[in-house]
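Q: what's the 3D shape of this:
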Amino acid sequence: MSATLLPPTIPAPIEELVRPPDGGGNGNGRDNFEEPHYGPNEDPENDPERWATPLSAYRAAALFAVFSITSVFATLTHILASRWVHSKDWTSVRLPHILYFNTAILLVSSLTIELARLSLSREAFKRSVSWLWFTLILGIVFVAGQVVAWKEIVLRGLYLTSNPGSFFFYFLTAAHGVHLLGGMLALSYVIVFAGGLVRRGRQKTAVSTVAFYWHFMDALWIYLLALLLTSVQG
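A: This is a model prediction of the structure:
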């Protein structure tokens with residue numbers, strides 16, 4: 001009796017051997033294990049979160065901004081100190097008293113944005129948005145107070161190029177104001193798009209990131225005020 005010859009068996013591809021019965025993985029095609037899970041009737045291409053920026057990227061961007069701003073003001077401090085020590089035409093400038101009021105306003109705004117962050121941890125989303133509005137209003141009041149301070153210096157006949165002291169007063173306070181305006185724009189975005197951020201589960205991250213930057217701007221202003229008191233007003 002002759003043996004029956006069977007056709008050679010072709011081994012299945014490795015992908016087929018390791019793929020679970022339902023297609024494996026998730027996402028479109030069931031072969032991407034790092035994508036979110038999609039049902040059989042769902043199209044991942046229509047998911048806005050599929051290509052969204054990772055949450056860690058926002059934190060990294062905030063840290064990068066803080067380090068960059070710190071470097072800029074550290075350089076300005078070095079220039080100011082060098083000019084102050086070696087200058088023969090340095091004229092002290094008495095700081096406007098409204099700067100102390102502005103400082104208090106900024107400190108209160110750090111409290112309100114922290115209350116907004118804490119409200120989110122308790123799932124009080126509407127209360128959080130209210131505290132964010134308070135923070136934004138206080139930021140506007142601070143900037144308006146800085147403009148009043150500049151006008152007071154102008155009324156004294158001191159302009160940007162009058163002397164090194166007035167130059168550094170205008171330059172440092174304006175540089176801080178510009179960076180604070182950036183924080184106010186970010187804060188406005190979080191307020192306006194609060195509903196969408198909540199639906200996507202990103203409200204807490206957004207508020208925490210903006211709060212981190214806002215607290216930094218608060219600390220930076222206190223440092224600048226101390227610098228102005230010891231050098232420009234000196």
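
Q: all contacts plus neighbour counts: C-alpha atoms, from now on.
A: OK.

Q: okay, now the unreliable bits of the protein?
A: Low-confidence segments of the chain, defined by pLDDT under 70, span residues 1-55, 234.

Q: go with 80
A: Along the chain, the parts satisfying pLDDT under 80 run over 1-58, 84-90, 197-202, 234.

Q: how is it carved up into domains?
A: For the chain, the domain assignment from automatic domain parsing gives the residue ranges 9-52, 55-233.

Q: Serialize those to JSON lines and add fields for mean neighbour count.
A: Listed next are the domains of the chain as JSON lines, based on neighbours: other Cα atoms under 10 Å:
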{"stretch": "domain 9-52", "mean neighbour count": "12"}
{"stretch": "domain 55-233", "mean neighbour count": "17"}
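
Q: and residue 114, how close does it get to residue 194?
A: According to Cα to Cα, to the nearest Å, residue 114 and residue 194 sit 16 Å apart.

Q: could you do residue 174 as well?
A: Distance from residue 174 to residue 194, counting by Cα to Cα: 30 Å.

Q: residue 113 too?
A: When Cα to Cα is the yardstick, residue 113 and residue 194 sit 14 Å from each other.

Q: before we move on, what about residue 135?
A: As judged by Cα to Cα, residue 135 and residue 194 stand 15 Å apart.

Q: would you map the helices across this protein?
A: For the chain, applying DSSP state H gives helices covering 14-18, 55-86, 98-121, 125-155, 164-192, 194-199, 203-227.

Q: closest one to residue 92 among these?
A: Proximity to residue 92, assessed across the helices of the chain by Cα to Cα, is greatest for helix 164-192 (5.9 Å).

Q: got the angle between the closest one and helix 125-155?
A: Note on geometry: by axes from the mean of the first three to the mean of the last three Cα atoms, to 10 degrees, helix 164-192 and helix 125-155 are set 160 degrees apart in direction.

Q: please name the residues that touch residue 183.
A: For residue 183, the set of contacting residues under the criterion of Cα atoms under 8 Å, 6 or more residues apart in numbering consists of 210, 213, 214.
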